[in-house]
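Enquirer: mind looking at a prediction? Sequence and model below.
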Amino acid sequence: MSENNLILSLETATESCSVALSAGEKLIAEKYINQPKAHAALLAKYIREILRENGLEVRDCAAIAVSEGPGSYTGLRVGVSCAKGLCYGAEKPLIAVGTLAVIAQCAIDNGFAGGEHPDSLIVPMIDARRMEVYTAVFDARGRQISPTEAVILNENSFASELEKGPVLFTGNGAEKFKPVVFHPNARFAGQFPRAAGMRIRAWEAFNKKEFEDCAYFEPFYLKDFIAGKPKKLL
């Protein structure tokens, strides 16, 4: 493996946690778990394992990529903090990849989108609260064609897109939409973001030298974090 095309990707934006190693657009290895609140305990472990199993160190990679959000406040903080530390320590550039784009690419990789409907749309959804999701519209190649926004779902959501043809709703927020939409063009597929889905966007950003400033980069929360009140005061 040539060191000039190796990218280490970290994904912690939802309840899943994963690390991937890619060479250009080719996936070399991935560590993944879907387990709430596991990011802090497992992210560093996965990084060490995936590098050791491939005979590499962080300095052998060309860049570090991180899923930038939107998503879980705590998960995003863990991932971005770890990515910054790796970049500082190994003097490597930082690449940010939108989490919705990661979900869309994972759906494509798993055969949920495209195929017999090359003009179909992909709408990844990240669970926010109640009937709200963070979402955007992507084409069948995984290219974002609408802004990322917070949407409160109802029976009329994405009506114009559904009238045009098949639409795949995916991500951990799509389950909330399934009971309220009955359009024949609506498709659903369960899909959490995985670091493997970052490889194409990360490689594109690397070639374009679209790097983040480690000193100032912050996750894209979309909304301000609101801390809940503690149930008990000690």
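Expert: Perfect, thanks for sending it.
Enquirer: so which residues of this protein form strands?
Expert: 6-11, 16-23, 26-34, 63-67, 94-97, 121-127, 132-135, 149-152, 167-170, 186-189 (DSSP state E).
Enquirer: who touches the nearest residue to Thr135 once chain neighbours are set aside in this structure?
Expert: Once flanking residues are discounted, Thr135 sits nearest to Met125: 4.7 Å by CB to CB, 6 or more residues apart in numbering. Using the backbone N, CA and C atoms, a C-beta is placed for each residue, glycine as well. Contact analysis of Met125 by CB atoms under 8 Å, 6 or more residues apart in numbering lists Val133, Tyr134, Thr135, Phe169, Thr170, Gly171, Asn172, Gly173, Ala174, Lys176, Phe177.
Enquirer: separation between the nearest residue to Val19 once chain neighbours are set aside and Leu168?
Expert: Distances taken as CB to CB, 6+ apart put Tyr46 closest to Val19, at 4.1 Å, once the chain neighbours are dropped. For Tyr46, the distance to Leu168 equals 28 Å [CB to CB, to the nearest Å].
Enquirer: which of those two has more neighbours?
Expert: Counted by other CB atoms under 10 Å, Tyr46 and Leu168 do not tie: Leu168 has more neighbours, with 25 against 21.
Enquirer: hang on, isn't the more buried one packed against Ala107?
Expert: Yes: contact status for Leu168 versus Ala107: in contact at 6.2 Å, counting by CB atoms under 8 Å.
Enquirer: please parse the chain into its domains.
Expert: The chain breaks down by automatic domain parsing into domains covering 3-99+193-208, 111-189.
Enquirer: I'd like to know which of those lies nearest to Leu222.
Expert: Between Leu222 and those, the shortest gap by CB to CB is with domain 3-99+193-208, which sits at 3.9 Å.
Enquirer: quick one: contacts for Phe177?
Expert: Shown in contact with Phe177 (CB under 8 Å, 6+ apart): Met125, Val133, Leu153, Ser157, Phe169, Phe188.
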